[in-house]
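Visitor: task: produce atomic coordinates for the following.
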Amino acid sequence: MTMLSMSTHPSDETLSRLADQSELERMRSRAGRHLARCERCRGEIAAIAALGDAARALPEPALPASLRARVDERRQGEGSGVAPRPPMPTGGPAP
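Guide: Residues are numbered from 1 along each chain as shown. Purely as a prediction, here's the structure:
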């Protein structure tokens, strides 16, 4: 896939990849150098980065108690040598 489309802006896929790179890494690519000159694409990168930050900030969902019990039973039955975790609260976000 080409890095720059006919409109001369990087594709969404390329922008997403660039959002995960450092400034130095970005400048090594043609699309990264484009970002230095294009306010529109820098805005897209900022939005992608904000979305990733928001997703990472979400609390981990708690496992239903019945599923947690089955997992713990299976782990004990396999003789994994790993002690089961204490029960987690149900219905609320994980700590």
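Visitor: now the helices: where do they sit in the protein?
Guide: 12-19, 23-27, 30-37, 39-57, 65-77 (DSSP state H).
Visitor: can I get the ones you listed in a markdown table including mean pLDDT?
Guide: Formatted as a markdown table, the helices of the chain follow (pLDDT from 0 to 100):
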| stretch | mean pLDDT |
| --- | --- |
| helix 12-19 | 91 |
| helix 23-27 | 85 |
| helix 30-37 | 89 |
| helix 39-57 | 93 |
| helix 65-77 | 88 |
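Visitor: mind putting the ones you listed in TSV, mean neighbour count included?
Guide: Backbone N, C-alpha and C define where each C-beta goes, glycine included. Listed next are the helices of the chain as TSV, based on neighbours: other C-beta atoms under 10 Å:
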stretch	mean neighbour count
helix 12-19	17
helix 23-27	12
helix 30-37	15
helix 39-57	12
helix 65-77	12
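Visitor: now the residue positioned nearest the centre of the chain: how far from residue 46?
Guide: Residue closest to the mean C-alpha point of the chain, counted by C-alpha atoms, centre = their mean, is residue 52 at 5.5 Å. Going from residue 52 to residue 46 by C-beta to C-beta, to the nearest Å gives 11 Å.
Visitor: having no further points to raise, I will conclude here.
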